[in-house]
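Peer 1: With the input below, show me the fold.
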Amino acid sequence: MNTTTAVPAQRLGATALGYPRIGPNRELKRALEAHWSGRLDAAGLEAAAAAVRSGMLDDLSVLDSVPTGTFSFYDHVLDTIVAVDALASRHRRETALASYFAAARGDAEAVPLEMTKWFDTNYHYLVPEIGPETAFAAKPEKAVAEFLEAKERGLDARPVLLGPVSFLLLAKPSEGAPADFVPFDRLGDLVEVYVELLAALGEAGAGLIQLDEPALCADRTTEELAATAAVYRRLVGSAGILVAGGYGPFGEALPVLLEAGVEGVALDLVRGRSDLEALETLDVSRETFLLAGVIDGRNIWRADLAKGAADIARLQAISDRVGVASSSSLLHVPVDLDAEHELPEALTERLAFARQKLREITALADPEGSREARPEAPAAWRDESVRTRLADLGPDADRRLPYVERQAAQAERVALPPLPTTTIGSFPQTAELRNARAAHRRGLMIDADYKSRMKAEVAAVIAEQEKLGLDVLVHGEPERNDMVQYFAEQLTGFATTAGGWVQSYGSRCVRPPVLYGDVARNAPMTVEWTSYAQSLTEKPVKGMLTGPVTILAWSFVRDDQPLADTADQVALALRDEVADLEAAGTAIIQVDEPALRELLPVRAASRAAYRDWATRSFRLATAGVRPETAIHTHLCYSEFGEVIDAIAALDADVTSIEASRSKMEILADLDRADYRSAVGPGVWDIHSPRVPATDDMAEALRLAVAALGPDRVWANPDCGLKTRRYEEVRPSLAGLVEAARIVREQLVSP
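Peer 2: Numbering: from 1, shown residues only. Purely as a prediction, here's the structure:
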């Protein structure tokens, strides 16, 4: 086996694969949004970014090896598109920064890149568009500059790039590419650009370069693995390369990388422990770097240091060059637990955010450091009544009558035109609303005044929808800070943080609750708001809930029991809420599951079991209603083809789904699957500030009608409107209503 490289050996002690890049107080978010609104010029944005990067280096300076290049204005995949000069021509503007944000967000001249979930996380990446004509070129400026920032501070810096294999496996063919073309066909061309990128970093002084290849943690074909071997045989001669996965085991790719002669591999020993067993059977050089990812980069529970030390010892029996690291980038966790002052003490002592995880890493790297085992969860976190109730559920608890029978009953209860128009749920969260919630939370606004302010907003949202002519209305969710946190604050077994922010995409940050104990509902959570909205209109108002899978996916979930058990507990609490909404007269109840694809295991062998418990938990939450009560759900920004059978198994009456950025690809997926229910393919991309053209929305609806038939199509945006401004919402919804009217008329008079 070839273990030679062009650089001398370098010790890796304590390190991390990446770090949060939004700032401890979301400084980057505020700077970005000020820039986009015209309140901060490019120089001011660059200065804010430099300050965030400086803070990252301050935190990371406790490590022996510091990752650089993991900062991003929006997304690291977009950064890679820029680094290989693969921006589409429609996004190229007069300045690099304007081009970058045109690709990320779109503008008046061009739609943005498609956005979808990053493996099985709630992070969204921008999908590269690669065609046969894409002219790659090396643009190493960002990577080199950020490496030098760390080097000039005397830090042992390690540049990080997304690897060429994953970059192309995550890409989609550009518009107009031949039908048989796949971006991976361009790997031979792209690898030469990576040779140039690595050479530029080497000239700047980088001795070891981390190439992230998370796509190698998924199932790969023999041809893909052979191509990977050829790529890394080409690259190892130009730099010392550490290949990181971070989202499960390398599996069959592990021997491929080792035989190609890479200097080291970073192992995810939290979700990919099978790699540890595999290494013990492989012929591994004692000079190979083995980076033990024993500190969970994706959850916030304190590590079991005794277990981590045992795994490190097993690797030390294989190699003389073993280091300690996070299992993935720490991008997925908040910055600092020490900033939290209101969490229960019994919970706080079991948690670790990014800064605390750096301490765990350095403790394990120190021969004299802590090796404590993590204590068991307190018995008080269990609720035997919840467990008994679940155990007593009958076999039909998750079943409803067939869809055809339900459809007839629902049509009789609520008369709707063809292509009913609606929205996904939320309306713009104005500064006034956010200020009112903050004042109420700090005790500066009494309950009665707060409720009055929220009811006034609900009334305004209902009036707005009536004026626009929408068919099925929503109350706008002004009282909800977040679609998961709102419910977490009212269910047992959850705690919420004050500043535990995590980047979801661009400037969008979320504050995942901590799900630490058994879950139960003590009182109705949404009925009052929905009922009040319904009292203001003759049109149907949807009840709006977040589904059990999404509540799990967008929380930091306990790791002391199977996810399936926790999902059923959440589902049972939601089942009670659904029953109360129905009893209050709500005819349509939407239970959103935008994270259904997100939790899908990366490896195919684990997917069937996931689909079974995930879809069962949704049905458990919704199957208690009468046939005439319609159950809607919503999904967004994922590769839906991979979960189309699961979408069907939810057995919802209507599924609204993102389709605008992905160019209605979902229609082909539905055609291949045995999907019989109604669909609302999103015809307006709400994650872009563009106001969509009415003709474009009408054409999307025509495609949907042609694929599904007029009785199975709804007209709606692709996601909630929380992040948009009314200046964008009003014309866009007016166009949506007009597009539906145009297509309805064409159905009558083609």
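Peer 1: For the helix or strand bottoming out on mean pLDDT in the chain, name the packing helices and strands.
Peer 2: Between all helices and strands in the chain, the lowest mean by mean pLDDT, DSSP states H and E belongs to helix 665-672, at a mean of 75. Contact partners of helix 665-672 among helices and strands, from 3 or more CB pairs under 8 Å, 6 or more residues apart in numbering; DSSP states H and E: helix 644-649, strand 678-681, helix 694-708. Just so you know, the C-beta spots here come from the backbone N, C-alpha and C atoms, and that holds for glycine as well.
Peer 1: how does it look with 7 Å?
Peer 2: If you count contacts as 3 or more CB pairs under 7 Å, 6 or more residues apart in numbering; DSSP states H and E, helix 665-672 packs onto strand 678-681, helix 694-708.
Peer 1: Give me whichever of those is most buried.
Peer 2: Across those, averaging neighbours per residue (mean count of other CB atoms under 10 Å) puts strand 678-681 on top, at a mean of 24.
Peer 1: any idea how far it is from the chain center?
Peer 2: Its chain's C-alpha centre and that of strand 678-681 lie 22 Å apart, by CA atoms, centre = their mean, to the nearest Å.
Peer 1: Next: stretch 627-640.
Peer 2: On CA atoms, centre = their mean, the centre of stretch 627-640 falls 18 Å from that of its chain.
Peer 1: who's in contact with the residue nearest to the spatial centre of the chain?
Peer 2: Closest residue to the average C-alpha location of the chain: Asn122 at 1.9 Å, with CA atoms, centre = their mean. Going by CB atoms under 7 Å, 6 or more residues apart in numbering, Asn122 touches 504, 510, 553-554, 595, 598.
Peer 1: Which secondary structure state is assigned to it?
Peer 2: The three-state label given to Asn122 by DSSP: H, G, I helix; E, B strand; the rest coil is coil.
Peer 1: rewinding a little: could you export the helices and strands packed on helix 665-672 as JSON lines, including mean pLDDT and distance to Arg441?
Peer 2: Output for those, formatted as JSON lines (pLDDT from 0 to 100; distance: least, CB to CB, whole Å):
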{"stretch": "strand 678-681", "mean pLDDT": "92", "distance to Arg441": "34"}
{"stretch": "helix 694-708", "mean pLDDT": "92", "distance to Arg441": "38"}
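Peer 1: Nearest to Asp396, out of the ones you listed?
Peer 2: The closest of these to Asp396 is strand 678-681. By CB to CB, the value is 24.1 Å.
Peer 1: From the contact counts, what lies against that closest one?
Peer 2: strand 654-657, helix 665-672, helix 694-708.
Peer 1: related to what we said a few turns ago, any residues touching the least confident helix or strand of the chain, and which ones?
Peer 2: With CB under 7 Å, 6+ apart, helix 665-672 has contacts from 640-641, 644, 657, 659, 679, 681, 703-704, 707-708.
Peer 1: so of the contacts of Asn122, which ones are in helices?
Peer 2: By the criterion of DSSP state H, membership of the contacts of Asn122 in helices covers Ala553.
Peer 1: Tell me where the model's unsure across the protein.
Peer 2: Applying pLDDT under 70 to the chain picks out residues 1-12, 637-639, 661-663, 749-750.
Peer 1: Output the helices and strands packed on helix 665-672 as CSV; include the columns distance to Leu574.
Peer 2: Shown next, in CSV, are those (distance: least, CB to CB, whole Å):
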stretch, distance to Leu574
strand 678-681, 21
helix 694-708, 28
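Peer 1: sorry, back to before: including distance to Ala408, could the helices and strands packed on strand 678-681 go into TSV?
Peer 2: Putting the helices and strands packed on strand 678-681 into TSV (distance: least, CB to CB, whole Å) gives the following:
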stretch	distance to Ala408
strand 654-657	15
helix 665-672	22
helix 694-708	18
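Peer 1: Quick one: closest of these to Pro402.
Peer 2: Closest to Pro402 of those, according to CB to CB: strand 654-657, at 15.6 Å.
Peer 1: Give me the helices and strands touching the helix or strand harbouring Ala325, please.
Peer 2: Secondary structure from DSSP states H and E places Ala325 in strand 321-326. Strand 321-326 sits against strand 289-295, helix 305-316, helix 354-365, with contacts defined as 3+ CB pairs under 7 Å, 6+ apart.
Peer 1: residue contacts, the residue lying closest to Trp501 once chain neighbours are set aside?
Peer 2: With CB to CB, 6 or more residues apart in numbering as the criterion, Trp501 has its nearest non-adjacent residue at 4.4 Å, and that residue is Cys509. Contacts here follow CB under 7 Å, 6+ apart; on that basis Cys509 touches 22, 26, 29, 501-503.
Peer 1: so Cys509 bridges to which residues?
Peer 2: Counting by DSSP bridges, Cys509 is bridged to Gln503.
Peer 1: Helices of the stretch 351-500 of the chain, residue ranges please.
Peer 2: In the stretch 351-500 of the chain, the helices defined using DSSP state H, counting those that start in this stretch lie at 354-365, 384-391, 403-413, 431-441, 447-468, 485-488.
Peer 1: So which of those helices is nearest Asp612?
Peer 2: Asp612 sits nearest to helix 384-391 of all those, at 15.9 Å, using CB to CB.
Peer 1: what's the offset of the closest one from the middle of its chain?
Peer 2: A distance of 31 Å separates the centroid of the chain from that of helix 384-391, by CA atoms, centre = their mean.
Peer 1: on that earlier part again, and the contacts of Asn122, which two are furthest apart?
Peer 2: Going by CB to CB, the pair spanning the contacts of Asn122 furthest: Val510 and Glu598, at 12.5 Å.
Peer 1: Who has more neighbours out of the two?
Peer 2: Comparing Val510 with Glu598 by other CB atoms under 10 Å, the one with more neighbours is Glu598, at 25 against 17.
Peer 1: how much space between that one and Ile424?
Peer 2: From Glu598 across to Ile424, the span is 17 Å (CB to CB, to the nearest Å).
Peer 1: if I look at the closest residue to Gln316 other than its chain neighbours, how far off is Leu269?
Peer 2: What sits nearest to Gln316 in space, not counting adjacent residues and going by CB to CB, 6+ apart, is Val322, at 5.1 Å. Distance from Val322 to Leu269, counting by CB to CB: 12 Å.
Peer 1: any common contacting residues for those two?
Peer 2: Contacts common to Val322 and Leu269, judged by CB under 7 Å, 6+ apart, are Ala292.
Peer 1: Take stretch 578-596, keep the C-alpha atoms, and write them as CSV.
Peer 2: Coordinates of each C-alpha in stretch 578-596 appear next as CSV, following Å, rounded to 0.1, in the frame of the first residue of the first chain:
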residue,chain,number,x,y,z
VAL,A,578,-55.8,17.3,16.6
ALA,A,579,-58.9,15.9,18.5
ASP,A,580,-59.4,19.2,20.2
LEU,A,581,-59.2,21.1,16.9
GLU,A,582,-61.7,18.8,15.3
ALA,A,583,-64.1,19.2,18.3
ALA,A,584,-63.8,23.0,17.9
GLY,A,585,-65.1,22.6,14.3
THR,A,586,-61.9,22.9,12.3
ALA,A,587,-62.5,21.2,8.9
ILE,A,588,-58.9,21.2,7.7
ILE,A,589,-55.9,20.4,9.9
GLN,A,590,-52.4,20.7,8.6
VAL,A,591,-49.6,18.7,10.3
ASP,A,592,-46.4,19.8,8.7
GLU,A,593,-43.5,17.3,8.2
PRO,A,594,-40.9,19.3,6.2
ALA,A,595,-38.2,17.2,7.8
LEU,A,596,-39.4,13.8,6.7
